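>>> Here is my input, please return the structure:
(2 chains, ligands or ions: 2)
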Amino acid sequence: MKIAVCIKQVPNAEARLRLSRDGKGLDEEDLPFIVNESDEYALEEGLRLAERTGGEVVAFSLGPERVREALRKALALGAARAVHLADPAFAGGDALATGRALAAALARETFDLVLTGSQSDDAGFGATGSVIAGHLGWPHVWLVMGVELEPAGAAPVSAKVTREMESGINEVSRVPLPAVLEIQAGINHPRYASLKGIMQAKKKEIAVPSPADLGLDPAQIGAAGSRLEVVSVEFPAAGKGAQMIEGDAKTAAAALVAKLRQEARVL
Amino acid sequence: MAEEAAARQRPWRVWVVPQIREGRIPRVSWEAVAAAQRLAAALAEIDGAVRAEAVLLGTGLDGATREMAQRDLAAVHVADDPALAAYTPGAWIGVLAPAIAAASPDFVVFPHTYQTVDFVPRLAQRAGAGLLPEVTGFALPEGGAGAAGAGGLLWTRPVLGGKLQARVRVRGAGTVLVSVQSGAFSADGVAPAAAGAAEVKPLPVDAAQARPDREVLGYEEVTTQQVDLTKADVIVAVGRGVGGADKIGPVEELARALGAEIGASRPVIDSGWLPRERQIGSSGQTVAPRLYIAAGISGAIQHLVGMKASSVIVAINKDPSAPIFTVADYGLVGDLHELVPALTAAVKAAKG
Ligand SMILES: Cc1cc2nc3c(=O)[nH]c(=O)nc-3n(C[C@H](O)[C@H](O)[C@H](O)COP(=O)(O)OP(=O)(O)OC[C@H]3O[C@@H](n4cnc5c(N)ncnc54)[C@H](O)[C@@H]3O)c2cc1C
Ligand SMILES: Nc1ncnc2c1ncn2[C@@H]1O[C@H](COP(=O)(O)O)[C@@H](O)[C@H]1O
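Numbering: from 1, shown residues only, chains lettered A, B, ... in the order given. Ligands and ions are numbered 1, 2, ... in the order given. Reported below is the predicted structural model:
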């Protein structure tokens, strides 16, 4: 099976975050980036399905130059090749614009399955995979916690897919292939890259198609092709309502226990 | 944007599509109705009278329709059809896409649920509509509505798991699909019908279009839940900040000292540090203990919805701007590996 996996590079939210000068995003200087959490699970699922069916995984990512590092990681983990939508015209898109561009890149090859993460940890649209599916005309499932190919073997025709619902219930459905599956974190346990994998990744191909290569008008993609426009970002009112308890660990702990007993009366 | 207002030949249309569960309208859907009513009121300030309209999809909708029609809505459009007996994106989009094409509503409001996230983005793609997911609010531009049009509305939505809040604007013309975050609008804020019930109109279902795109085989429980956290009086919940399965011991000790149950955020479970039945949040258990202590949990909305109704919330986090502090009653900023053992000692000392 030939499987595409879409991975997004996102800021590491653990880092100290500073706003950019225009106030519309983060200051990227010294900001560490990582592969989006659910995309790591999507990649692992893709690698496992490819191994099981004797196929291969191709990694796709849209984003600036720094995104090569995320693609290199995917290649080190076992993806055969990568496609990088790096042209600045692709940048700043909402889910519809980003999905349109990725779909155009995916449509240049014949895939049996496209995997995405369920949600990006930065923009958090939860939408790009479904938009890709709409363009490809394939079925999709969001929040996938299980994939079973039917029949097992080299040429499956459908997948039994487990979709998470709220409050501890899963839906199990059969989806004909090809399909787009939007993978939820926790579906598997992602592997670590081996030294051999890291060495091999250096020799693997990363294609960098332009919008014109994909037959896309720059007005339809990126910020220009998006109806959503970020006007500003800000930190939420922190500590609103919370009484912050100061002091070293011992002092703070004693003060908290006193408050829980005398003020909140819960101890 | 002045052109937009001038080019307007007709009043604004705001739709709301509540999710219906087993014939009933859940709280998140009433929140979406409240949001749509408020949006209609804001647009009415820009130009002319606007009242929201509801669109219901499913089967056996008589009760839900009656209930909905008692709210301040211009109409309740009802697609009650055997083709909609089980939810699939194909069936739902097959009804909503033609309806949107025919009526061109300016906004279609949805509750942000796992089901709407499953089909709304694809509906936007199919209908050529804009997509604005998981908003927490909106405001008219400063200096009043003027001729700014709907494009002038400033929407807020969380980014980076709630660490930041973005203000966004919708550009261009055409329908926008908006989903509203759970808890962002109050269900109590739904306005009742002022004079008589809203008009109920059947919404046509074309069986050739409303076709399932997946074959639903059944439903299953995620875990054979052996731990019922909903009954716990005190919960000590641990997040990714704990750093590994081998570091949970001191947290368990605090739980023992308090006679508490251990809970966790999703990444702790996904990483295999604790079993799934300990997960708290939108895809885990929803709890409301007397005391909830969150250690090393950032406070993403999917976690907050599962615990924010707790009576007293204590947050321990090394990051003073972590969103968990916005719902906490007491906050301790620092390393949980120091604070948790100190707290255990203080609890033991207090209990003598
Ligand atoms: C559809 C969907 C459903 C989801 N369902 C759930 C759900 O049911 N439950 C859930 O919890 N999540 C759920 N999530 C995930 C959710 O979005 C967040 O990713 C998750 O809650 C984050 O967990 P966390 O706070 O433990 O980790 P992080 O966000 O990584 O936060 C770790 C925190 O620990 C702090 N920290 C680090 N080290 C220390 C230290 N030494 N001392 C003190 N503090 C420290 C950091 O400052 C940070 O705030 C869901 C996501 C999606 C998309
Ligand atoms: N720039 C991008 N490059 C590659 N994949 C992306 C990109 N943006 C989103 N995706 C994929 O779409 C999923 C959902 O993202 P989102 O719709 O932003 O929440 C992510 O988990 C990725 O798999």
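>>> hey, let's count contacts and neighbours off CA atoms from now on
OK.
>>> Give me the neighbour count for the closest residue to residue A:155 other than its chain neighbours.
Distances taken as CA to CA, 6 or more residues apart in numbering or on different chains place residue A:1 nearest to residue A:155, at 6.9 Å, with adjacent residues excluded. When neighbours are counted by other CA atoms under 10 Å in any protein chain shown, residue A:1 registers 20.
>>> Also residue B:217?
Neighbours of residue B:217 (other CA under 10 Å): 12.
>>> Can you classify it by secondary structure?
strand (DSSP: H, G, I helix; E, B strand; the rest coil).
>>> Please report how far the spatially closest residue to it that is not a sequence neighbour lies from residue A:140.
Distances taken as CA to CA, 6+ apart put residue A:173 closest to residue B:217, at 4.9 Å, once the chain neighbours are dropped. Look at residue A:173 and residue A:140: by CA to CA, to the nearest Å, they are 11 Å apart.
>>> if you count what's nearby, which of those two comes out ahead?
Taking neighbours as other CA under 10 Å, residue A:173 and residue A:140 compare with residue A:140 leading, 29 against 21.
>>> was I right about the more buried one contacting residue A:130?
Yes: counting by CA atoms under 8 Å, residue A:130 is a contact partner of residue A:140 at 6.1 Å.
>>> got a list of what whichever residue of the stretch 151-267 of chain A sits closest to ligand 1 touches?
Closest to ligand 1 within the stretch 151-267 of chain A is residue A:184: 7.1 Å, counting by CA to the nearest ligand atom. By CA atoms under 8 Å, 6 or more residues apart in numbering or on different chains, the contact list for residue A:184 reads A:38, A:41, A:42, A:117, A:118, A:143, A:144, A:145.
>>> how about a cut-off of 10 Å?
With contact set as CA atoms under 10 Å, 6 or more residues apart in numbering or on different chains, residue A:184 has these partners: A:37-42, A:116-119, A:142-146, A:163-164, B:270.
>>> Okay, and which of these map to strands?
A:116, A:117, A:142, A:143, A:144, A:145, A:146, A:163, A:164 (DSSP state E).
>>> Report how many residues lie close to the third one.
The reference is to residue A:142. Residues lying near residue A:142 (other CA under 10 Å) number 27.
>>> and the nearest residue to it once chain neighbours are set aside, which of the three is it?
Leaving aside its chain neighbours, residue A:142 sits nearest to residue A:182 (4.7 Å; criterion: CA to CA, 6+ apart). Using three-state DSSP, the secondary structure recorded for residue A:182 is strand.
>>> Please look at residue A:182 and residue A:131 and confirm they touch.
No: at 11.0 Å, residue A:182 does not count as touching residue A:131 under the criterion of CA atoms under 10 Å.
>>> Distance check, the closest residue to ligand 1 within chain A against chain B.
Among the residues of chain A, residue A:119 lies closest to ligand 1, at 5.5 Å counting by CA to the nearest ligand atom. With distances taken as CA to the nearest CA, to the nearest Å, residue A:119 is found 10 Å from chain B.
>>> With the flanking residues excluded, which residue is spatially nearest to that residue?
residue A:126 (4.2 Å).
>>> State the number of residues packed around that neighbour.
Based on other CA under 10 Å, the number of other residues close to residue A:126 is 23.
>>> Over to residue A:212?
When neighbours are defined as other CA under 10 Å, residue A:212 has 9 of them.
>>> ok, now which ones touch residue 131?
Picking chain A for this. By CA under 10 Å, 6+ apart, the contact set of residue A:131 is A:95-100, A:102-103, A:137, A:140, A:180, B:119-126.
>>> wait, chain B
Residue B:131 touches A:94-96, A:125, A:127, A:226-228, B:107-108, B:120-125, B:170, B:175-179, counting by CA under 10 Å, 6+ apart.
>>> ranges for the helices of the stretch 101-250 of chain A?
Secondary structure of the stretch 101-250 of chain A (DSSP state H, counting those that start in this stretch): helices at A:128-136, A:195-201, A:249-262.
>>> closest to ligand 2 out of those helices?
Checked against CA to the nearest ligand atom, the stretch from the helices of the stretch 101-250 of chain A lying closest is helix A:128-136, at 3.7 Å.
>>> So for that closest one, mean pLDDT?
Helix A:128-136 comes out with an average pLDDT of 98.
>>> now swap in stretch B:213-230 and tell me
Across stretch B:213-230, pLDDT averages out at 89.
>>> wait, does it contact ligand 1?
No: figure legend: stretch B:213-230 not in contact with ligand 1 (CA under 6 Å from any ligand atom); closest approach 11.9 Å.
>>> Compute the first-to-last residue distance for that stretch.
36 Å.
>>> Just the buried residues of that stretch, please?
By neighbour count on 16 or more other CA atoms under 10 Å in any protein chain shown, the buried set for stretch B:213-230 is B:213, B:214, B:216, B:222, B:227, B:229.
>>> Stretch B:36-56 now?
Residues of stretch B:36-56 classed as buried by neighbour count (16+ other CA under 10 Å): B:36-44, B:46-47, B:50-56.
>>> what about that stretch, distance to the chain center?
21 Å (CA atoms, centre = their mean, to the nearest Å).
>>> and that stretch, is it in reach of chain A?
No: figure legend: stretch B:36-56 not in contact with chain A (CA under 10 Å from any CA of the partner chain); closest approach 17.7 Å.
>>> can you list the residues of chain A near ligand 1?
residue A:119.
>>> Tell me the helices and strands packed up against the longest helix along chain A.
Secondary structure of chain A per DSSP state H: the longest helix is helix A:37-53. Contact partners of helix A:37-53 among helices and strands, from 3 or more CA pairs under 10 Å, 6 or more residues apart in numbering or on different chains; DSSP states H and E: strand A:2-6, strand A:9-11, strand A:56-62, helix A:67-77, strand A:113-117, strand A:140-150, strand A:179-183.
>>> Relative to residue B:100, which of the ones you listed is closest?
Residue B:100 lies closest to strand A:140-150 among these, at 21.4 Å (CA to CA).
>>> what's the angle between that closest one and helix A:37-53?
Put simply, strand A:140-150 runs at 30 degrees to helix A:37-53, going by axes from the mean of the first three to the mean of the last three CA atoms, to 10 degrees.
>>> Strand A:140-150 packs against which elements?
Other helices and strands packing on strand A:140-150, by 3+ CA pairs under 10 Å, 6+ apart, are helix A:37-53, strand A:113-117, helix A:128-136, strand A:158-164, strand A:169-176, strand A:179-183, helix B:89-103, helix B:114-127.
>>> Strands of the stretch 151-300 of chain B, start to end?
Applying DSSP state E, counting those that start in this stretch to the stretch 151-300 of chain B gives strands spanning B:154-159, B:164-170, B:176-180, B:199-202, B:215-221, B:234-238, B:261-264, B:291-295.
>>> Partner strands of the second one and their direction?
Counting by DSSP bridges, the strands paired with strand B:164-170 are strand A:228-234 (antiparallel), strand B:154-159 (antiparallel).
>>> same check, this time on the last one
The strands beside strand B:291-295 in its sheet (DSSP bridges) come out as strand B:234-238 (parallel), strand B:312-317 (parallel).
>>> For it, C-alpha coordinates in CSV please.
Output of strand B:291-295 as CSV, limited to C-alpha atoms (Å, rounded to 0.1, in the frame of the first residue of the first chain):
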residue,chain,number,x,y,z
LEU,B,291,-11.0,19.0,45.7
TYR,B,292,-9.1,18.6,42.4
ILE,B,293,-5.3,19.0,42.4
ALA,B,294,-3.8,19.3,39.0
ALA,B,295,0.0,18.8,38.9
